[in-house]
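> Sequence plus the predicted model coming up.
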Amino acid sequence: MLKRRKKVLSVVLASMLTLSGIVSVPGRAEAAEGDTDYGISSPRIEYNYRDTVTFGSYWQVDTNGDGKADQNDDKQPVVWQILKRYDDGTALVLADKVLAYRSYFDGYMQDNGFLNYRCTWETSTMREWLNDTFYNDAFSADEKTAIYETDVVNNDNPIEIYNGKGGNNTKDKLFLLSLDEVCNSDYGFHGGYYDSDEGRLARFTDYVGRGNIDKTGWCWLRSPGNNQLHGAYIERDGTTRPEGFYVYNEGGVRPALKIDLSSPYVKSGKKVKISIKGVEWDTVTFGTFDTEPITWKVLYVDGDDAFLLSKNSLGDKQLNKTDGPVTWEECTLRTWLNGEFYNGSFNDAEKETIKTTTLINNDHKLLGTDGGNDTEDKVFLLSIEDIIQSKYGFPEYALVKTDSKVLLVPHYTEEVGHTWWLRSPGWEEREFIYVSSSGRVYDDGNAAIYEAAGVRPAIHINLSSTTWTKGDVITSGDPVINVEEPEEETPAEETPAEETPAEETPSGETPGEETAPAPETVPAEETPGEEVAPAPPTVVAPKPPVNNAPPKAENEEVTSDQSEATPAPAEVKDNKTTFSIKNKAKVKKSSKIKIKDKDKIAKITLNGKKIKIKADKKSFTLKLKSYKKILKKKGKWNKLVVTDANGNKTTIKFKTK
């Protein structure tokens, strides 16, 4: 069956829903304000806000319509969050978005011909760039008069076992925040170094052109790491990493400065939500599982329609019983939920109460992994778009760890914390996104045959029925006192430009219990198992992977008493993998795809299945007719992934005629 034209289907369905009694739930459904006539309502949510100002301008979005955001576009006003107001009419402000992506220090050449990467904030090229290039690009001569020179205190690394020296204090127009500052509650931050704080995160602009599924990523701080080769940073989940990462790597840049609020060039902005302070969810009891009543969290109420999520898990299940490419439409868990579970957990009256929901199953936002056809279900799983919907009581950043996404498992116990499935596709067409035991969403996904992830069903019910019973209130975070929105609403979110998948795609993490990072670890790309410390910079830093995690390195730790002379990175050229067909092409099943890479081909997979090849070959011809059993049906995307001898991955997609 050909994949449905989703936009057309949505328009047609929208005109039929009222008459049919079917509820349409796109990947991100808009949660309506609750109607309390039935005694339950949508979640009561209290947010933490910051005031903003608009000041200066910088490249951020595509304005000339060429499909990319670059310096050929017009600069846009920069929004700054106010961290603290001072009695003299000045304020400490922080960029609302990540505005650049750069290394902390590029190194300097020594007499022996080697680059040295040891630095402090005072000697870093990041400081030089912010106070020269960025300063001149972002502010006019008149605007510069509103910027104060700030006495910047550069403390040593605060963790006792680390030896990172902060160096001399400096006087700067622009700077990055320190470890101490992003833990300061006076600035609106909530949490210690290893706590996941939504308020530390910001989305990347299209000009930066990187980021995760929610357009966030890791960002530099100005504080030193565990020695002078490392700089501390904020992780993608809102924790800080005091141990730091090698300063020659590229990371997000979120400038801070002190400005004169009375300046005519500083314009007052609108309040922005920076984090969820507290949430209250109503619950209902409806249906049974293993003879026990099922408790459901109320995600929203709209008239007589209630969107419900099981408070607990039904236990661990595979999302699909066989390995290989699969979508939500085709998986065995969907069949079980709408068959055995539906028939065994609800009586006839309860079945009449459950509405049919039309689900729009989106492709993966970054990699375009096929989400499959839209479906109509009585029972279903949440999507990645649902789990970052703030009106349901969830943080808008997927990787933030929060108890609002943690569940009890299995349904009839009080054991807290467990991994659970979403219905959205992961990086591979055999994988699905999941929520970890700490409440962090992993957009790389895990194989659908994985047996240790929980099932947390969702349904829509008709509240006019008498088959449900109101339950207790569930809370997350601080007690909800005031749920009033500010008079000025949050500025509309920018429409993200279409993102092209990066060629390097690191493997996903294995679901399981998460723990706070131990102080002695050194940041590495997130991979299953133990974290690995990066190696000294003997080669050029790898390109950032698609999920914007710091890249992997060898298992060798550098200590502060090592030689000041660090070998210069050797230039390593990546020879691109080439194909005889273009990405998103349509080819005949009898076609041959010629693959070439001067770095030698190490591995080829077609739709998740490994293709046998002779090692160390610079070319390979893939005869499609030899792999008919692996190929997708006509009209569906096939995914071809080639890994070279250096570990670089290149992916193309094609359909067969």
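Yes, it's here. Residues are numbered from 1 along each chain as shown.
> For the rest of this, base every contact and every neighbour count on C-alpha atoms.
OK.
> List the buried residues in stretch 636-646.
For stretch 636-646, the buried set under the neighbour-count rule, 16 or more other CA atoms under 10 Å, comprises 636-645.
> can you give me the strands in the stretch 151-300 of the chain?
170-172, 174-175, 219-224, 230-234, 240-246, 250-253, 256-260, 267-268, 272-281, 283-289, 292-302 (DSSP state E, counting those that start in this stretch).
> Remind me what the longest one packs against, helices and strands.
Contacting strand 292-302 under the criterion 3 or more CA pairs under 8 Å, 6 or more residues apart in numbering; DSSP states H and E are the following elements: strand 272-281, strand 283-289, strand 305-310.
> Mind telling me which of those the model trusts least?
Ranked on mean pLDDT, the bottom entry among those is strand 272-281, at a mean of 92.
> Return the list of strands paired to that strand, each annotated with direction.
Its sheet considered, strand 272-281 pairs with strand 44-50 (antiparallel), strand 474-477 (antiparallel) by DSSP bridges.
> do you know which of the strands of the stretch 151-300 of the chain lies nearest L366?
strand 250-253 (18.2 Å; CA to CA).
> which helices and strands does that closest one pack with?
Using 3+ CA pairs under 8 Å, 6+ apart, strand 250-253 is in contact with strand 100-103, strand 219-224.
> Okay, now the unreliable bits of the protein?
The chain contains residues with pLDDT under 70 at 1-36, 412-416, 478-574, 615-616.
> Mind listing what's buried along the longest strand anywhere in it?
Using DSSP state E to define each element, the chain has its longest strand at strand 592-606. Neighbour-count burial for strand 592-606, with 16+ other CA under 10 Å as criterion, is recorded at 592, 595-604, 606.
> Which of the residues you listed sits closest to I461?
For the buried residues of strand 592-606, the nearest to I461 is L606 (41.3 Å; CA to CA).
> Which residue, neighbours along the chain excluded, lies closest to the closest one?
L640 (4.7 Å; CA to CA, 6 or more residues apart in numbering).
> contacting residues for that neighbour?
L640 sits next to 604-607, 651-653 when contact means CA atoms under 8 Å, 6 or more residues apart in numbering.
> Identify the bridge partners of it.
L606, I652.
> gap between it and K653?
As judged by CA to CA, to the nearest Å, L640 and K653 stand 6 Å apart.
> Check V409 too.
Applying CA to CA to V409 and K653 gives a distance of 38 Å.
> Which one's more surrounded, those two?
Neighbour comparison, V409 and K653: the larger count goes to V409, with 23 against 20 (by other CA atoms under 10 Å).
> Look up the closest residue to V473, ignoring the ones flanking it.
In space, V473 is closest to D282, 4.8 Å off (CA to CA, 6+ apart).
> Pull the number of nearby residues for the one you found.
For D282, the count of nearby residues is 22 (other CA under 10 Å).
> Let me see the contact set for it.
40-43, 297-298, 470-474.
> just checking, which of those residues belong to strands?
Using DSSP E, the contacts of D282 in strands are 297-298, 470, 474.
> Please spell out the ChimeraX selection for the buried subset of those residues.
Buried residues among those (16+ other CA under 10 Å), as a ChimeraX selection:
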select :297,298
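> ok, so of the ones in strands among the contacts of D282, who is nearest T621?
The closest of those, once distances to T621 are taken by CA to CA, is K297, at 53.1 Å.
> Bridged to the closest one, which residues?
Beta bridges link K297 to T283, L309, judged by DSSP bridges.
> residues in contact with it?
281-284, 308-311, 474.
> One more pass at 6 Å, please.
By CA atoms under 6 Å, 6 or more residues apart in numbering, the residues touching K297 are 283, 308-309, 311.
> possible to save the buried residues of strand 592-606 as CSV with distance to G303?
Output for those, formatted as CSV (distance: CA to CA, whole Å):
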residue, distance to G303
K592, 57
I595, 57
K596, 59
D597, 59
K598, 62
D599, 61
K600, 61
I601, 58
A602, 57
K603, 54
I604, 52
L606, 47
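> wait, which of those residues is closest to T170?
Nearest member of the buried residues of strand 592-606 to T170, counting by CA to CA, is D599, at 45.8 Å.
> and the closest one, how far is that from K649?
Using CA to CA, one gets 12 Å for the distance from D599 to K649.
> Then V98?
27 Å.
> now do D386
Distance from D386 to K649, by CA to CA: 30 Å.
> secondary structure class for the most far-flung residue of the chain relative to its centre?
Most distant from the centre of the chain: D111, at 43.3 Å, with distances by CA atoms, centre = their mean. Counting by DSSP: H, G, I helix; E, B strand; the rest coil, the backbone at D111 sits in coil.
> can you check W129 too?
helix.
> Start at 53, not 1
Sure thing, new numbering starts at 53, so read that last one as W181.
> Take the buried residues of stretch 688-698 and keep only those in strands.
Among the buried residues of stretch 688-698, the ones falling in strands (DSSP E) are 690-696.
> Now tabulate those in a markdown table and tack on distance to G269.
Shown next, in a markdown table, are those (distance: CA to CA, whole Å):
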| residue | distance to G269 |
| --- | --- |
| N690 | 29 |
| K691 | 26 |
| L692 | 27 |
| V693 | 25 |
| V694 | 26 |
| T695 | 25 |
| D696 | 26 |
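> ok, the closest residue to A697 other than its chain neighbours to T695 distance?
In space, and not counting its chain neighbours, A697 is closest to A654: 5.1 Å by CA to CA, 6+ apart. Computed as CA to CA, the A654 to T695 distance reads 6 Å.
> now swap in T410 and tell me
38 Å.
> bridging residues for the closest residue in space to T292 that isn't next to it in sequence?
Using CA to CA, 6+ apart and skipping the chain neighbours, the partner closest in space to T292 is I286 (4.3 Å). Per DSSP bridges, the residues bridged to I286 are C271, T292.
> is it true that I286 touches P294?
No - assessed by CA atoms under 6 Å, I286 is found out of contact with P294, at 8.7 Å.
> Please identify which of these two sits among more neighbours.
P294 (30 against 26).
> dump the residue contacts of the more buried one.
So P294 contacts 277, 284 (CA under 6 Å, 6+ apart).
> swap in N215?
278-279.
> any idea how far it is from P294?
Taken as CA to CA, the span from N215 to P294 is 11 Å.
> got it, and N425?
When N425 is compared with P294 (using CA to CA), they lie 45 Å apart.
> Next, L389: secondary structure please.
helix.
> Now do the closest residue in space to it that isn't next to it in sequence against T387, distance only.
Once flanking residues are discounted, L389 sits nearest to V431: 5.9 Å by CA to CA, 6+ apart. Distance of V431 to T387, given as CA to CA: 10 Å.
> Check K650 too.
From K650 to T387 the distance is 46 Å (CA to CA).
> same deal with F631?
38 Å.
> what does V130 give?
49 Å.
> Phi and psi next, for the residue lying closest to G423 once chain neighbours are set aside.
The shortest distance from G423 to any non-neighbouring residue, by CA to CA, 6+ apart, is to D415 (4.2 Å). With angles defined as degrees, to the nearest 10, D415 sits at phi -70, psi 170.
> and D415, how many neighbours?
18.
> I figured it hits N425, correct?
No - under the criterion of CA under 6 Å, D415 makes no contact with N425, lying 9.9 Å away.
> Run through who's touching stretch 372-381.
383-384, 423-424, 475, 481-482, 500-501.
> Equivalent analysis for stretch 146-160, please.
Against stretch 146-160 from outside (CA under 6 Å, 6+ apart): 131-133, 167-169, 176-178, 254-256, 260, 299-308.
> and that stretch, C-alpha only, in PDB?
C-alpha atoms of stretch 146-160 as PDB (Å, rounded to 0.1, in the frame of the first residue of the first chain):
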ATOM      1  CA  LEU A 146      21.800  35.900  28.400                       C
ATOM      2  CA  ALA A 147      21.100  35.100  24.700                       C
ATOM      3  CA  ASP A 148      17.700  33.500  24.400                       C
ATOM      4  CA  LYS A 149      19.100  31.200  21.700                       C
ATOM      5  CA  VAL A 150      22.400  29.500  20.900                       C
ATOM      6  CA  LEU A 151      23.900  31.900  18.300                       C
ATOM      7  CA  ALA A 152      27.100  30.200  17.200                       C
ATOM      8  CA  TYR A 153      29.000  26.900  17.200                       C
ATOM      9  CA  ARG A 154      32.800  27.200  17.800                       C
ATOM     10  CA  SER A 155      35.800  25.700  19.600                       C
ATOM     11  CA  TYR A 156      36.700  27.100  22.900                       C
ATOM     12  CA  PHE A 157      40.400  27.500  22.000                       C
ATOM     13  CA  ASP A 158      42.100  26.900  18.600                       C
ATOM     14  CA  GLY A 159      45.500  26.500  20.100                       C
ATOM     15  CA  TYR A 160      48.800  28.300  19.500                       C
END
